[in-house]
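J.: missing the sequence, but the structure's below:
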């Protein structure tokens, strides 16, 4: 299959509500109140928050699968059919040599936007908070006591990240359809879901702002 075009979507990923994409037990400051397993991912060099492309891609895929009823047995779709928008765009789950191959999408890691990066750095210098700390508990249904309190962190509401998605177009592909499906997935996340942990508890509501689309010809693109 000949690779003919790249459709590039650039956008601002605006966290309307504070969010956390888990850091999985990264190091925190000594004496910090935040449980290491409830920390948000940060860049090791700058300690700035970022959103991994894998997290955004997974949410886009799962949202589109639910809308298209492509979740057999609650697992990612692996039918591998060429007429399956999920498998064509994201790849057939655990299926080598699928008819739909290769997958069409690349989702870049999302760093802080320049405005949010400046605000983060200024807050660090001034000793102002760069995050929220949220303590959650389990309530004993009989006695009403709070059990197992754990404190997590989330980046502040209004934090904005720079996002970029690439859609590879091959000969025979319906480019307009593929782009439309990706934008549908983005809309589903924005209007009906969230990104990161604890979405059902109000975390991670996002808005895709300043969306721009461009087309690159693989025969002319160069550096």
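T.: On my side now, so go ahead. On a predicted model such as this, the values are computed, not experimentally measured, just so you know. Numbers count the residues shown, from 1 in each chain.
J.: List the contacts of the residue nearest to the spatial centre of the chain.
T.: Among the residues of the chain, the one closest to the centroid is residue 56, at 2.0 Å (Cα atoms, centre = their mean). For residue 56, the contacting residues are 13, 107, 110, 163, 195, by Cβ atoms under 8 Å, 6 or more residues apart in numbering. Bear in mind the C-beta positions are built from the backbone N, C-alpha and C, glycine included.
J.: Next: residue 2.
T.: Residues in contact with residue 2 (Cβ under 8 Å, 6+ apart) are 170-171.
J.: Please, where are all the strands along the chain?
T.: Counting by DSSP state E, the chain has strands at residues 3-15, 50-51, 105-107, 110-111, 132-139, 146-154, 160-170, 206-217.
J.: What is the lengthiest helix in the chain packed up against?
T.: Longest helix of the chain, by residue count under DSSP state H: helix 175-192. In this structure, helix 175-192 packs against strand 3-15, helix 53-67, helix 85-90, strand 160-170, strand 206-217, with contacts taken as 3 or more Cβ pairs under 8 Å, 6 or more residues apart in numbering; DSSP states H and E.
J.: what is the mean pLDDT for the last one?
T.: Think strand 206-217. Across strand 206-217, pLDDT averages out at 98.
J.: and it, which residues are buried?
T.: For strand 206-217, the neighbour count (16 or more other Cβ atoms under 10 Å) marks 206, 208 as buried.
J.: Switch the strands of the chain over to CSV; also include distance to residue 99.
T.: Below are those laid out as CSV (distance: least, Cβ to Cβ, whole Å):
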stretch, distance to residue 99
strand 3-15, 17
strand 50-51, 32
strand 105-107, 17
strand 110-111, 32
strand 132-139, 45
strand 146-154, 41
strand 160-170, 13
strand 206-217, 26
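J.: Tell me which of those strands sits most buried.
T.: strand 50-51 (a mean of 24; mean count of other Cβ atoms under 10 Å).
J.: From the rest of the structure, what touches that strand?
T.: If you take Cβ under 8 Å, 6+ apart as the criterion, strand 50-51 is touched by 13, 21, 41-43, 109-112, 161, 163, 195-196.
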